[in-house]
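Engineer: quick one: sequence and predicted model below, then my questions.
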Amino acid sequence: MPGIKDICSTLFEITAEKFVRPAGGRLLVAEPFLDEEYFSHSVVSLIDYERGGGAMGVVLNRRTPTMLADVLEDDSIKCDVPVFCGGPLALDRVFFLHTLGSDIIPGARPYAPGMYVGGDFDAITDYVNSGYGLDGVVRFFVGYSGWDEGQLEQEIAEGTWALAEAAPGVPLLSGHGDTFWHRAVRGLGESYRPWRLVPRLTCSN
């Protein structure tokens with residue numbers, strides 16, 4: 001007999017064609033029945049992708065209760081800066097995404113229109129301590145998400161992820177949790193409207 005999750009997955013199956021291919025800078029939006037500790041209702045920003053190779057990204061919307069000063073054990077950070085969990089790999093490392101560019105953060109690498117990864121850590125901590133607003137500008141992560149050769153393509157083919165363009169002007173570093181996921185699903189278009197109607201608790205095992 002099919003389980004509740006199987007029945008719900010059939011009822012809310014998306015038949016829209018997939019026009020977007022994986023690439024650095026694009027988004028992975030988790031299907032609503034993905035019941036996994038790090039990826040349930042997640043939105044992943046793909047940072048690196050090699051066709052026929054592996055992929056790397058960070059979950060954008062999984063906020064932790066921990067602050068940056070606690071993670072770094074650095075009392076020189078004078079304000080509360082939330083840290084997000086980017087995925088299950090390298091949980092002892094801190095990553096950051098930002099919109100500041102290499103003029104402000106030397107060594108920052110562009111990976112999507114208006115989006116950068118990493119750069120000089122002293123420069124970003126100086127920016128944090130400067131008192132400038134951080135929401136929508138910079139986000140810190142512990143851990144990242146990674147896929148081996150062919151793994152991501154298989155998961156996309158199985159419907160685990162929907163792919164989306166990261167459109168310029170759409171805030172990737174603002175908001176979190178289910179609200180962030182629902183916003184991303186709305187951006188996928190009307191074909192994915194059934195995902196927003198999934199009764200999450202009823203249809204999970």
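Structural biologist: Great, that's in hand.

Engineer: only C-alpha atoms for contact and neighbour calcs from this point on.
Structural biologist: Fine.

Engineer: shaky segments in the protein?
Structural biologist: Scanning the chain for pLDDT under 70 picks out 1-20, 168-169, 199-205.

Engineer: for it, which segments count as helices?
Structural biologist: For the chain, applying DSSP state H gives helices covering 4-11, 68-72, 121-129, 151-157, 177-187, 193-196.

Engineer: what is the shortest one packed up against?
Structural biologist: Helices and strands touching helix 193-196, by 3 or more Cα pairs under 8 Å, 6 or more residues apart in numbering; DSSP states H and E, are helix 177-187.

Engineer: for Ile77, which non-adjacent residue is closest in space?
Structural biologist: Spatial nearest neighbour of Ile77, excluding adjacent residues (Cα to Cα, 6 or more residues apart in numbering): Ala69 at 5.7 Å.

Engineer: ok, now which ones touch the one you found?
Structural biologist: With contact taken as Cα atoms under 8 Å, 6 or more residues apart in numbering, Ala69 is in contact with Asp75, Ser76, Ile77, Asp80, Val81.

Engineer: do the same with Gly107
Structural biologist: Per Cα under 8 Å, 6+ apart, neighbours of Gly107: Gly118, Gly119, Asp120.

Engineer: isn't the first one up against Thr99?
Structural biologist: Right, Gly118. No. Gly118 lies out of contact with Thr99 (Cα atoms under 8 Å); the separation is 10.6 Å.

Engineer: before we move on, back to that, please pick the buried ones from the contacts of Gly107.
Structural biologist: Buried members of the contacts of Gly107, counted by 16 or more other Cα atoms under 10 Å: Gly118, Gly119.
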